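Enquirer: sequence and predicted model, in that order:
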Amino acid sequence: MKSLPIWHCKKTGDCCKRFLSSGPQLNSQEIQKIIDNLDQKEIKDHFALLGMNKDEFIKYVKNRQSLPLQNPNTCIFLKNNECLIHDIKPEVCQTYPLHIIKKSGKTDVLVDLDCPRGSDLITAIKSGNIPESMGIDGEISVSGTSSYEDKIREKYGEDA
C-alpha cells in the first residue's frame with residue numbers, strides 16, 4: 001500500500017510543546033543514539049543558546065530516561081518548529097499521534113486528537129489505510145483521545 005498524505009507530519013511543532021514535567025520517554029538504545037549525535041554543530045549551538053551543556057544533558061537523560069524541556073512545556077530538541085534530531089528521534093515521537101498497544105493478536109490504537117491529523121488518521125485506520133511499516137495487522141480497535149487534556153486532568157484533577 002502506498003503511503004497516503006495523511007500519514008505525513010504537518011510539522012506544526014505542537015506535539016513537542018505539550019509536556020508537563022519531562023520530555024519523551026527513552027529507552028537505553030535511544031539515549032545512546034542521541035548522545036552519539038550531540039556533537040553536531042546545530043545541536044551544540046542550540047544547547048549553547050539554551051544554557052545547556054553536553055554533560056548536563058547526558059546526566060539528565062541517563063537519570064530520568066527522558067528528554068529535558070527547554071521551557072515549561074517544550075522538548076529541548078525543538079527549534080523553529082522543527083526537530084533537531086528528526087532522523088534519530090525516539091519511537092514515541094516517530095509514532096505520534098498514535099499510541100499502539102499490541103496484545104494477544106489484537107492491536108489497540110489510540111489517536112491523539114490534539115494533532116491536526118488525528119481525526120483523519122482515525123478514518124484512515126478504520127478504512128484499512130495503514131502503512132505496512134507500522135506492523136499493525138489482525139484485529140484493530142481505534143479510538144480518539146486528547147492526550148494533553150488527559151495529562152492535565154491526571155496531574156491537576158478533573159476540573160482543570
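Expert: Cool, got the structure.

Enquirer: just give the closest residue to the spatially most central residue of the chain, not the sequence neighbours.
Expert: What sits nearest the mean C-alpha location of the chain, by Cα atoms, centre = their mean, is C93, with 2.5 Å. Counting by Cβ to Cβ, 6 or more residues apart in numbering, P24 is the residue found nearest to C93 once chain neighbours are left out, at 5.6 Å. Where you see a C-beta, it was placed from the backbone N, CA and C, and this is true even at glycine.

Enquirer: before we move on, what about K62?
Expert: Counting by Cβ to Cβ, 6+ apart, K62 lies nearest to I31, which is 6.6 Å off, once chain neighbours are set aside.

Enquirer: what about the strands in the chain?
Expert: According to DSSP state E, the chain carries its strands in the segments 78-79, 82-83, 98-103, 106-112, 139-145.

Enquirer: in terms of mean pLDDT, which of these ranks lowest?
Expert: Between those, the one with the least mean pLDDT is strand 98-103; it has a mean of 84.

Enquirer: quick one: strands adjacent to that one?
Expert: Taking DSSP bridges as the criterion, strand 98-103 forms sheet pairs with strand 106-112 (antiparallel).

Enquirer: what's in contact with the partner strand?
Expert: When contacts are defined by Cβ atoms under 8 Å, 6 or more residues apart in numbering, strand 106-112 is touched by residues 15, 96-101, 118-119, 121-122, 125, 136-148.

Enquirer: cutoff 6 Å now
Expert: Residues from elsewhere that reach strand 106-112 (Cβ atoms under 6 Å, 6 or more residues apart in numbering): 97-101, 118, 121-122, 125, 136, 139-142, 144-145, 147.

Enquirer: so how far is that strand from its chain's centroid?
Expert: Between the centre of strand 106-112 and the centre of its host chain there is 15 Å, according to Cα atoms, centre = their mean, to the nearest Å.

Enquirer: put the alpha carbons of it into PDB.
Expert: Provided in PDB are the C-alpha atoms of strand 106-112 (Å, rounded to 0.1, in the frame of the first residue of the first chain):
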ATOM      1  CA  LYS A 106      -5.300  -7.600  18.800                       C
ATOM      2  CA  THR A 107      -4.000  -4.100  18.300                       C
ATOM      3  CA  ASP A 108      -5.500  -1.100  20.100                       C
ATOM      4  CA  VAL A 109      -4.700   2.200  18.500                       C
ATOM      5  CA  LEU A 110      -5.300   5.400  20.400                       C
ATOM      6  CA  VAL A 111      -5.100   8.500  18.300                       C
ATOM      7  CA  ASP A 112      -4.300  11.900  19.900                       C
END
